[in-house]
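K.L.:
take this sequence and fold it.
(one chain, ligands or ions: 2)
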Amino acid sequence: MAIKYGRPIELREVARPGAVASPALDLTVRPRRNRKAEWARRMVRENVLTTDDLIWPLFLIDGSNKREAIASMPGVDRLSVDQAVREADRAMKLTIPCIALFPYTDPSLRDEEGSEATNPNNLVCQAVRAIKKEFPDLGILCDVALDPFTSHGHDGLIADGKILNDETVAVLVRQALVQAEAGCDIIAPSDMMDGRVAAIREGLDRAGLLDVQIMAYAAKYASAFYGPFRDAIGSAKTLTGDKRTYQMDSANTDEALREVELDIAEGADMVMVKPGMPYLDVVRRVKDTFAMPTFAYQVSGEYAMIAAAANNGWLDGDRAMMESLLAFKRAGADGVLSYFAPKAAEKLRAQ
Ligand SMILES: NCc1[nH]cc(CCC(=O)O)c1CC(=O)O
Ligand SMILES: [Mg+2]
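P.N.:
Ligands and ions are numbered 1, 2, ... in the order given. This next block holds a predicted model:
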């Protein structure tokens, strides 16, 4: 007789009405009972995704009444400021708490130093002012890094082919200040320079911007999944080399904990892991270790994979989208930056 969990499995003949006579297993525990109907599944559901969990990244472009498709991100457009204001309206109606802004910078405005980053009237600052004027209650997050503005596409200043950490941090502080002065609520340094969180916090505090939050891209990996984003902001063609001297090695997770610990000590209010889906183990470790508000970025390449497969009819795009977003909640994330945000919010509100 077969033995399972230390007790014999007895086979019984049970006549079930309408069923083919067959031996029933003598099981005390049948996990499927809790999955027998939708109401029962709802009762035992451990994680839920709500619109509060979503941060919606938008791409900006100069001009007016302009929407420009991004080939590698089907369904995502670059938006002129007036169009971004319309999307902000949509975010409000969908009860998405926060949007994130990323500029496409014309090559003529890019230089070695990324000077446009600190122009108080750059595209990002214009968009922040326009959106805040119409929708003061919508959260706005701004990325801090030089890559949308440098001719070489790197996040920092370079000399002799090397990234200058400390000199870069000084520029990032000025970039954060122009964004915060324009009305940005959350400063999100994505550059991975050492010491930038402390320097930005000090700069903000000194300027009296005590309530401006910092969400640190604390564990950000050198990833192939950023490809479509670099198309979107126009730095794919110009990027020389890779970012492996500042972004993390994808083989590491202990190092992620050390990076996160430093950013918290330096004053980060929230921390982020990026990319998302391939790094859910890191999200879980960070959440369990620090119990901080922890976010994940479902990056452009993750979006592109799902969108491309769906457009080919290879998977059910809506279901894959919702499943991928819920996975972040299961891993312990408090929220997720995702290009699916408006679509997912529409689905959540229709339920
Ligand atoms: N430092 C800029 C930045 N901020 C967010 C992303 C990627 C986002 C995405 O792929 O969706 C990047 C790209 C990079 O580091 O090269
Ligand atoms: Mg760091």
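
K.L.:
please tell me how far the closest residue in space to residue 277 that isn't next to it in sequence sits from ligand 1.
P.N.:
Among residues not flanking residue 277 along the chain, residue 302 sits closest, at 5.3 Å (CB to CB, 6 or more residues apart in numbering). From N, CA and C alone the C-beta is placed, and that goes for glycine too. Taking CB to the nearest ligand atom, to the nearest Å as the measure, residue 302 falls 8 Å from ligand 1.

K.L.:
hang on, residue 302 packs against residue 274?
P.N.:
No. Checked against CB atoms under 8 Å, the pair residue 302 and residue 274 is beyond contact range at 10.3 Å.

K.L.:
and these two? Which one has more around it.
P.N.:
residue 274 (25 against 21; other CB atoms under 10 Å).

K.L.:
tell me what the closest residue to the more buried one other than its chain neighbours is bridged to.
P.N.:
The spatially closest residue to residue 274, leaving aside those adjacent along the chain, is residue 297, at 3.9 Å (CB to CB, 6+ apart). Residue 297 forms beta bridges with residue 337, as assigned by DSSP bridges.

K.L.:
for residue 297, what are its contacts?
P.N.:
Each residue near residue 297 by CB atoms under 8 Å, 6 or more residues apart in numbering is listed here: 217, 272, 273, 274, 275, 276, 336, 337, 338.

K.L.:
from the centroid of this structure, which residue is nearest?
P.N.:
residue 297 (2.0 Å; CA atoms, centre = their mean).

K.L.:
pLDDT at it, what is it?
P.N.:
On the pLDDT scale, residue 297 is placed at 98.

K.L.:
kindly report the same for residue 235.
P.N.:
Listed pLDDT for residue 235 reads 87.

K.L.:
now it: closest residue in space that isn't a chain neighbour?
P.N.:
residue 153 (3.8 Å).

K.L.:
and the one you found, helix, strand or coil?
P.N.:
At residue 153 the chain is in coil, as set by DSSP: H, G, I helix; E, B strand; the rest coil.

K.L.:
tell me if I'm right that it and residue 240 touch.
P.N.:
Yes. Between residue 153 and residue 240 there is a contact under CB under 8 Å: 6.8 Å.

K.L.:
could you report the neighbour count for residue 199?
P.N.:
Neighbour number of residue 199 under other CB under 10 Å is 20.

K.L.:
also residue 160?
P.N.:
For residue 160, the neighbour count with other CB under 10 Å is 5.

K.L.:
got the phi and psi for it?
P.N.:
Taking degrees, to the nearest 10, you get phi 50, psi 40 for the backbone angles of residue 160.

K.L.:
ditto for residue 51
P.N.:
Main-chain torsions, residue 51, degrees, to the nearest 10: phi -60, psi -20.

K.L.:
surely it meets residue 351?
P.N.:
No. Residue 51 lies out of contact with residue 351 (CB under 8 Å); the separation is 10.8 Å.

K.L.:
between the two, which is the more surrounded one?
P.N.:
Between residue 51 and residue 351, residue 51 has the larger neighbour count (other CB under 10 Å), namely 18 against 4.

K.L.:
quick one, what contacts that one?
P.N.:
Contacts here follow CB under 8 Å, 6+ apart; on that basis residue 51 touches 94, 95, 96, 97, 345, 348, 349.

K.L.:
pretty sure residue 80 is touching residue 86, no?
P.N.:
No. Counting by CB under 8 Å, residue 80 does not reach residue 86; the two are 10.0 Å apart.

K.L.:
neighbour-wise, which of the two wins?
P.N.:
Neighbour count, other CB under 10 Å: between residue 80 and residue 86, residue 80 has more, with 21 against 14.

K.L.:
next, count neighbours for the residue nearest to that one when sequence neighbours are not counted.
P.N.:
In space, and not counting its chain neighbours, residue 80 is closest to residue 66: 4.0 Å by CB to CB, 6+ apart. By other CB under 10 Å, 14 other residues sit near residue 66.

K.L.:
what's the answer for residue 52, then?
P.N.:
For residue 52, the count of nearby residues is 13 (other CB under 10 Å).

K.L.:
wait, what's in contact with it?
P.N.:
Contacts for residue 52 (CB under 8 Å, 6+ apart) come out as 95, 97, 335.

K.L.:
so the last one sits right up against residue 53, yeah?
P.N.:
Yes. Taking contact to mean CB under 8 Å, the distance of 4.6 Å between residue 335 and residue 53 places them in contact.

K.L.:
so what sits against both of those two?
P.N.:
Joint contacts of residue 335 and residue 53 (CB under 8 Å, 6+ apart) are residue 328.

K.L.:
so which bits of stretch 305-323 are buried?
P.N.:
The neighbour-count check on stretch 305-323 (16 or more other CB atoms under 10 Å) flags 305, 306, 307, 308, 310, 317, 320, 321, 322 as buried.

K.L.:
which two of those have the greatest separation?
P.N.:
Farthest pair in the buried residues of stretch 305-323 (CB to CB) is 308 and 322. Separation: 17.6 Å.

K.L.:
picking up where we left off before, which of the contacts of residue 52 lies closest to ligand 1?
P.N.:
Closest approach to ligand 1 among the contacts of residue 52 (CB to the nearest ligand atom): residue 335, at 15.3 Å.

K.L.:
quick one on the thing from earlier: need the buried residues of stretch 305-323 in CSV with pLDDT, can you?
P.N.:
Listed next are the buried residues of stretch 305-323 as CSV, based on pLDDT from 0 to 100:
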residue, pLDDT
305, 98
306, 98
307, 98
308, 98
310, 98
317, 98
320, 98
321, 98
322, 98
